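Peer 1: Give me the fold of what follows.
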Amino acid sequence: MSIYDDIVNDEQNKNYTAARLYPVFSAPKTAKVLIIGQAPGKKVQDSGIMWNDASGDRLREWLGIDKATFYDSGEIAVIPMDFYYPGKAKSGDKPPRKGIAAKWHPKLLAQMPNIQLTVLIGAYAQRYYLNLTPKTTITSTVQHFMEYLPEYFPIVHPSPRNNIWLTKNPWFLTDVIPELKKQITRTIQV
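Peer 2: Numbers count the residues shown, from 1 in each chain. I've put the predicted structure just below:
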């Protein structure tokens, strides 16, 4: 059985499987760039295609790559902190379920020996992989992105919900995004 099948058949995911919802991730063995975000949104869960929404369009723009490179090149892997849409909260989506990344990420990472750069999108991925305290702000983490290179590159979520944050932090688009594009270009053949 594959890791995908193991995730589908995991007791922890039985309600999703019973509802005919399936894990959304991509882990090609040839990948050089890994993108780790929160969890699929409703639109992505329904389509089964990672980052298949307005956030994905903005993310690809920030990375400096097109859809073909993102989906079909085998250079990009996408592993969320939870493989399923967690549901709606008061503002935005619920957080990813605890323990999912710890259980499945090591198994998936072991199958991708060529990963050279991991883009960490949002607080959940950054706190988990960078061992940040809950008091560490995403703004501070992203401002100090150079401290985490060459292995990790932390960014904010590309959701339209973050337009106010982007307006308040113009340095992100002028300083961080050009460096992100440079790192992506250096890592894969764009």
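Peer 1: give me the number of residues near Phe25?
Peer 2: Using other CB atoms under 10 Å, Phe25 is surrounded by 20 other residues. Every residue, glycine included, has its C-beta placed from N, CA and C.
Peer 1: residues contacting it?
Peer 2: Contacts of Phe25 were listed using CB atoms under 8 Å, 6 or more residues apart in numbering, and they are 50, 78-80, 83, 108.
Peer 1: Please apply the same query to Arg60.
Peer 2: 51, 66-67, 70.
Peer 1: Going by neighbour count, which of those are buried?
Peer 2: 51, 70 (16 or more other CB atoms under 10 Å).
Peer 1: Now for the contacts of Arg60: which two are most distant?
Peer 2: Trp51 and Asp66 (12.7 Å; CB to CB).
Peer 1: in this protein, which spans are strands?
Peer 2: Along the chain, counting by DSSP state E, strands occupy 33-36, 76-78, 117-121, 152-155.
Peer 1: Residues contacting the lowest-mean-pLDDT helix or strand in the chain, please?
Peer 2: Across the helices and strands of the chain, mean confidence by mean pLDDT, DSSP states H and E is lowest for helix 42-47: a mean of 89. The contact list for helix 42-47 (CB under 8 Å, 6+ apart) reads 21, 24, 50-53, 56, 84-85, 88, 93.
Peer 1: Below-threshold pLDDT in the chain: ranges please.
Peer 2: Within the chain, the ranges that satisfy pLDDT under 70 run 190.
Peer 1: contacting residues for the closest residue in space to Ala77 that isn't next to it in sequence?
Peer 2: Spatial nearest neighbour of Ala77, excluding adjacent residues (CB to CB, 6 or more residues apart in numbering): Ala31 at 3.7 Å. Counting by CB under 8 Å, 6+ apart, Ala31 touches 74-77, 112, 114-115.
Peer 1: just those now: which is nearest Lys98?
Peer 2: The closest of the contacts of Ala31, once distances to Lys98 are taken by CB to CB, is Ala77, at 22.4 Å.
Peer 1: Give the bridge partners for that closest one, please.
Peer 2: In this entry, Ala77 is beta-bridged to Leu34, by DSSP bridges.
Peer 1: Pull the number of nearby residues for it.
Peer 2: Neighbour number of Ala77 under other CB under 10 Å is 25.
Peer 1: need the contact list for it.
Peer 2: So Ala77 contacts 26-28, 31, 33-35, 108, 112, 115 (CB under 8 Å, 6+ apart).
Peer 1: And it, how far from Gln116?
Peer 2: Between Ala77 and Gln116 the computed distance is 11 Å (CB to CB, to the nearest Å).
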